[in-house]
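> what shape does this take:
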Amino acid sequence: MNQAQAVVIIAAELRLFLRPGRRSTPVAVALDGTSSLGHVVESLGVPLTEVGRLLVHGEPTASGYRPCDGDVVTVKAGAAAATGRRGRRLPQ
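Model prediction:
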C-alpha cells in the first residue's frame with residue numbers, strides 16, 4: 001500500500017528554513033490524513049509567520065486545509081521574508 005503524498009514548492013526566500021537536503025524544491029511530503037497544511041509546512045521547518053500565501057493547485061488555500069494525495073502546494077513568502085526584513089527594530 002502506498003502512502004498519500006503531496007508535492008510542496010517552497011519560495012526561494014523561505015528555503016533557508018529547510019534542512020539542506022530539501023532546499024531544492026519541489027519536496028515530496030508523506031501525508032497522514034489528519035495534519036493541516038500549516039502543520040505540513042511547519043514540519044518542513046518553515047514558520048507560518050514567514051509564509052505569505054498558500055496555494056493548492058494554484059488556488060489560495062487556508063492553513064487549516066488538509067492536503068490530499070496528489071496535491072501540489074505552493075508556499076509563497078510573506079512580505080518580511082520577501083524583503084529580507086525580519087524582526088522588529090529596537091528603540092534607540
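> from the rest of the structure, what touches the host helix or strand of Val73?
Secondary structure assignment for Val73, by DSSP states H and E: strand 72-77. The contact list for strand 72-77, computed with C-beta atoms under 8 Å, 6 or more residues apart in numbering, reads 6-14, 26, 37, 40-41, 46, 50-58, 61, 67. C-beta here means a position set from N, CA and C on the backbone, and glycine is covered the same way.
> pull out the buried members of these.
Among the contacts of strand 72-77, those scoring as buried are 6, 8, 10-11, 13-14, 37, 40-41, 46, 50-51, 54, 56, 61, 67 (criterion: 16 or more other C-beta atoms under 10 Å).
> from those residues, which is closest to Arg22?
Relative to Arg22, the closest of the buried ones among the contacts of strand 72-77 is Ile10; by C-beta to C-beta it sits at 8.3 Å.
> rewinding a little: show me the buried ones among the contacts of strand 72-77 that map onto helices.
37, 40-41 (DSSP state H).
> kindly present these as JSON lines, with separate columns for distance to Gly78 and pLDDT.
Putting these into JSON lines (distance: C-beta to C-beta, whole Å; pLDDT from 0 to 100) gives the following:
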{"residue": "Leu37", "distance to Gly78": "15", "pLDDT": "97"}
{"residue": "Val40", "distance to Gly78": "17", "pLDDT": "97"}
{"residue": "Val41", "distance to Gly78": "12", "pLDDT": "97"}
